[in-house]
Every structure is written in C-alpha cells, then in structure tokens.
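In: Got a sequence here, can you build the structure:
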Amino acid sequence: MTTRDDLAHIRKDYTRHSLGPEDCLANPLAQVSRWLDEAIAAQVNEPTAMNVATVENGRPSARMVLLKGIEDGGFVFYTNFESRKGRQIGDNPFAALTMFWPELERSVRVEGRVEKVAPAVADAYFASRPYQSRVGAWASLQSQPLDGTATLVARAAKYAAQYVTGVPRPPHWGGYAVIPDRIELWQGRPSRLHDRVLYLPDGNGGWTRQRLYP
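Out: Now for the predicted structure:
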C-alpha cells in the first residue's frame, strides 16, 4: 500500500517552456485557444477535459467535463440542467474551470459568471452528437440515485424505441458558457519557480496581464 512517505517523494521538475506576460496574446481566450490547439497537436490525453467547480451552500463541488467551445466570450460545456451542477449553477451562477496538460507542463484557470447558451446553439450541438449519446441524454436522470444498471439500460431502450431516427434535444439538457472575469495561465518551471500570468479586465473592454509569484 502506498504510504505518506511514498507520496511525499513523488515530484517532477518542469523544464519544457517558460512564460511571461510578453509571450501572451492580448486576449486571454485567444491565448487559451492557442494553448488548446498546441495540446491537441501534441496529442495529449483528453486535451479538452476540464474540472468545473461550483458552490452549494458555501461548499465547493467539482467534477470533470469536456470543453466544447471557446466562443462568444465564454468557455462552453453541455450537461443536464437538472444534474447536481445544474442545480448549483441555478442557485449560484458562478463557476471556476481548470484545465491541465501535464505533457506540456501547463494549466489554465478560469473564473466567471455562468450563462446558458442560446437554444439554437444547443440544438445544433446536440444534433452533432452520436445517436446513442442523444438517446442517453433522455435516459439519464443525472445525479439521481440509480438502483442498478438494468434500469438505465431499460430507459435507454425505451427512448431508442421512441426516437428511432431523429432524437430531439431534451428540454432539461443544454449548454453553459462561463464568461470569464479572471484567467490565469501556469507554466511549470524548474525548482518550483513556476511562471504564472494573470489576466484581469481593464474596465475598457480589454484585459491587463501581470506576472504572479509561483
């Protein structure tokens, strides 16, 4: 069994890249898009995976989802509005996102307000999903207790029989866009002297960039 001492001695020195404010694009969403393109080109594992943190009664709650777009000033993901995170966002429409590309020794942190994407945008994305995924969106009562996988399979079969070809988007399923008011880029560096660049709104529709201590 792994012990505390075993974990204490796990460490890695980061040496691949450096990062300063002068290296970053003026628009942080464009900069994150650039990094995402580089992660995809480098064939990192799950380049669009991100942690989404929300709050319920003052307690943070986090889970992994897939980024589905950086557009219209926000970071977009899709989910069931009646899931735990959907209910939390309904009560407190703010979230924090974290993306980590260990192969490139990079991380991105995003904080901001959450808004639903337009229904037409959600419809278009839902229509692009594989058939079984569209059926699954109807079958899953996301975050609710499930007595066994047989029940879920039966629900999927029910909706597959109901929607043999076209599968409409469920009214409880759609997209959220996190509209950032704080974005931070992290680049691993040797001796834990990491590079951190923070973007904040400048009050005039643009962004400021500053270096942070690691």
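In: CA atoms of the longest strand belonging to the chain as CSV?
Out: Longest among the strand segments of the chain by residue count, using DSSP state E, is strand 173-187. Provided in CSV are the C-alpha atoms of strand 173-187 (Å, rounded to 0.1, in the frame of the first residue of the first chain):
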residue,chain,number,x,y,z
TRP,A,173,-30.3,19.4,-21.4
GLY,A,174,-28.2,22.2,-22.9
GLY,A,175,-25.1,24.3,-22.7
TYR,A,176,-23.5,26.6,-20.3
ALA,A,177,-20.9,29.3,-21.1
VAL,A,178,-18.6,30.5,-18.4
ILE,A,179,-17.9,34.2,-19.1
PRO,A,180,-14.5,34.9,-17.5
ASP,A,181,-13.6,37.8,-15.4
ARG,A,182,-10.3,36.2,-14.3
ILE,A,183,-8.0,33.9,-16.3
GLU,A,184,-4.6,32.5,-15.2
LEU,A,185,-2.0,30.6,-17.2
TRP,A,186,0.5,28.4,-15.5
GLN,A,187,3.7,27.1,-17.0
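In: Tell me which other helices or strands that strand touches.
Out: If contacts are counted by 3 or more CB pairs under 8 Å, 6 or more residues apart in numbering; DSSP states H and E, strand 173-187 sits against helix 28-41, strand 74-80, strand 94-101, strand 106-116, helix 119-128, strand 195-201. C-beta: built from backbone N, CA, C; applies to glycine.
In: Which positions within it qualify as buried?
Out: Within strand 173-187, the residues scored as buried using 16 or more other CB atoms under 10 Å are 173-180, 183-187.
In: for stretch 106-122, same thing?
Out: By 16+ other CB under 10 Å, the buried positions in stretch 106-122 come out as 106-112, 114-117, 121-122.
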